[in-house]
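Asker: Have a look at this prediction, sequence included:
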Amino acid sequence: MLSFNDTAIAFSGKTDNDLRRSYWLFKLVGNSNLVNVGQKLTTFAINTHLPIRGFIKATIFRQFCGGENITECLETVEALGKYNVGSILDYSVEGKAEENVFDQTAHEIIETLDLAKQNKHIPFAVFKPTGLGDINLMEKVNSNAKLSAEEQKAWERVIARFDSICSKAHDIKVKLLIDAEESWIQNAVDGLAQKMMAKYNKEQCIVFNTAQMYRNDRLIYLKNALNDAKKKKYYFGVKVVRGAYMEKERARAAKMGYASPINSTKAETDAEYNSALEFCIKNIEFVSVCAGTHNEDSAMLLVKLMQQNNIPVNHPHVWFSQLLGMSDHISFNIANAGYNVAKYVPYGPVRDVLPYLIRRAMENTSVKGQTGRELSLIIKEQQRRAASKN
């Protein structure tokens, strides 16, 4: 019977040294004061070129990232693949706003697609929309504001980058995830994602959009999107997550005087997330779903929904996903039971992925019980290994 408490399976890919490093890292990120101070000091040290890159790479970077480039990620890909856990290489360079950087990022994503085609352990590629275009431009498009001639050309370049990546994914038959963004640009992203799905998901599901279920309108979005897919005769792909911008969303809504798009309680978000899974399974003939979750109850619900609906464990329309360095007890135990699982494997130069690493540290501090759960499982496995040696 599937259990998330089997630490022998959960940490089968970890050496004793790996466990010790993870233990101390989660101990540190469990201290919110330490994380806040560390964030400021680390950012200052990187910006002033103090020699701490090696320390970051050997600690938090090693826990949550696959490497600084695609080649460095291959060791992680193969290590996970030994346990039937796939990898999704996520180029996590953020905060750039130059056209040449957007072009470089598009080229990088296409390289990950080529690698996925060649490597059976890489079932998906992924990209972040703001890696391909300016967020301020996307906000104008989202609000239906009139674009200048220059802005219109820039937006056409964004569309072209989306299309070049999705076309490549279609041609080589590699699934592609489009990440979610903040609510004030998400409609623009949704529009592009559905345009790409209508174009490239005719024969099978290649392109996936992402739904952040802490938003109170996403169940409606899912239903409308599926209706559009049925009407235009294409397959609908969706990655379902809880969400990544809650504090920012609420602060902006309060500042600008509009109703927050975020559910008022975690219980509401949990209910919305689980309803999304039920919706996807109910429509499994037309929908492919990647369930991005670190929540044990939601992961187990999806398992039970598949069982209740006689859906094979390795059905190509259903995937589970967690971030590298987190929730191995979910990823490895589900993979061991034969389900489709893939870890998000962020990569990029240490300096450029620092914003991502800071978010991971803050997330582990702010999500109630996350760090404690990781630590308790690590300790349990350390004790099990110690006992087995006696």
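Answerer: Nice, I can see it.
Asker: so who does the nearest residue to Tyr214 once chain neighbours are set aside touch?
Answerer: Leaving out its chain neighbours, the residue that sits closest to Tyr214 by CB to CB, 6 or more residues apart in numbering is Gly243, at 3.7 Å. All C-beta spots, glycine's among them, are computed from the backbone N, C-alpha and C. Listed by CB atoms under 8 Å, 6 or more residues apart in numbering, the contact partners of Gly243 are Ala180, Gln212, Met213, Tyr214, Arg215, Ile262, Thr269.
Asker: mind listing which of the residues you listed are in strands?
Answerer: Gln212 (DSSP state E).
Asker: want to throw the contacts of Gly243 into JSON lines with neighbour count?
Answerer: As requested, the contacts of Gly243 are arranged in JSON lines below (neighbours: other CB atoms under 10 Å):
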{"residue": "Ala180", "neighbour count": "25"}
{"residue": "Gln212", "neighbour count": "28"}
{"residue": "Met213", "neighbour count": "26"}
{"residue": "Tyr214", "neighbour count": "21"}
{"residue": "Arg215", "neighbour count": "24"}
{"residue": "Ile262", "neighbour count": "21"}
{"residue": "Thr269", "neighbour count": "22"}
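Asker: which helices and strands sit right next to the helix or strand hosting Lys57?
Answerer: If you go by DSSP states H and E, Lys57 is part of helix 53-58. Judged by 3 or more CB pairs under 8 Å, 6 or more residues apart in numbering; DSSP states H and E, helix 53-58 is in contact with helix 32-47, helix 350-366.
Asker: helix or strand for the residue nearest to Tyr214, which one?
Answerer: Applying DSSP H and E, one finds Gly243 in no helix or strand.
Asker: If we ignore the residues flanking it in sequence, what's nearest Leu132?
Answerer: Arg161 (4.3 Å).
Asker: need the contact list for that neighbour.
Answerer: With contact set as CB under 8 Å, 6+ apart, Arg161 has these partners: Phe102, Asp103, Ala106, Leu132, Gly133.
Asker: Buried residues, the helix holding Lys57. List them.
Answerer: Within helix 53-58, the residues that count as buried by 16 or more other CB atoms under 10 Å are Arg53, Ile56.
Asker: Return the distance of the very next helix or strand once past it from the chain's centre.
Answerer: The helix or strand immediately downstream of helix 53-58 is helix 60-64, counting by DSSP H and E. Offset of helix 60-64 from its chain centre (CA atoms, centre = their mean, to the nearest Å): 16 Å.
Asker: next structured bit after helix 60-64?
Answerer: Using DSSP H and E, the first helix or strand after helix 60-64 is helix 70-81.
Asker: in that next one, what counts as buried?
Answerer: Here helix 70-81 shows Ile70, Cys73, Leu74, Thr76, Val77, Leu80 as buried, counting by 16+ other CB under 10 Å.
Asker: May I see the residues you listed organised as a markdown table, with pLDDT and distance to Arg384 added?
Answerer: Below are the buried residues of helix 70-81 laid out as a markdown table (pLDDT from 0 to 100; distance: CB to CB, whole Å):
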| residue | pLDDT | distance to Arg384 |
| --- | --- | --- |
| Ile70 | 96 | 35 |
| Cys73 | 97 | 30 |
| Leu74 | 97 | 30 |
| Thr76 | 97 | 24 |
| Val77 | 98 | 27 |
| Leu80 | 98 | 22 |
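Asker: Lowest mean pLDDT among the helices and strands of the chain, which one is it?
Answerer: helix 32-47 (a mean of 61; mean pLDDT, DSSP states H and E).
Asker: mind listing the helices for the stretch 201-350 of the chain?
Answerer: In the stretch 201-350 of the chain, the segments counted as helices under DSSP state H, counting those that start in this stretch are 218-232, 246-256, 266-282, 296-308, 328-336, 350-366.
Asker: Which of these has the highest mean neighbour count?
Answerer: helix 328-336 (a mean of 24; mean count of other CB atoms under 10 Å).
Asker: Tell me what angle that one forms with helix 296-308.
Answerer: Interaxial angle of helix 328-336 relative to helix 296-308 (axes from the mean of the first three to the mean of the last three CA atoms, to 10 degrees): 10 degrees.
Asker: model confidence over helix 328-336, on average?
Answerer: Helix 328-336 shows a mean pLDDT of 97.
Asker: Next step: the contacts of Arg161 restricted to strands.
Answerer: Among the contacts of Arg161, no member falls in strands (DSSP E).
Asker: contacting residues around Arg20?
Answerer: Arg20 touches Gln382, counting by CB under 8 Å, 6+ apart.
Asker: Helix or strand: which one has it?
Answerer: helix 16-29.
Asker: Show me which parts of that helix are buried, residue by residue.
Answerer: Leu19, Arg21, Ser22, Tyr23, Leu25, Phe26, Leu28, Val29.
Asker: Perfect, that will be all.
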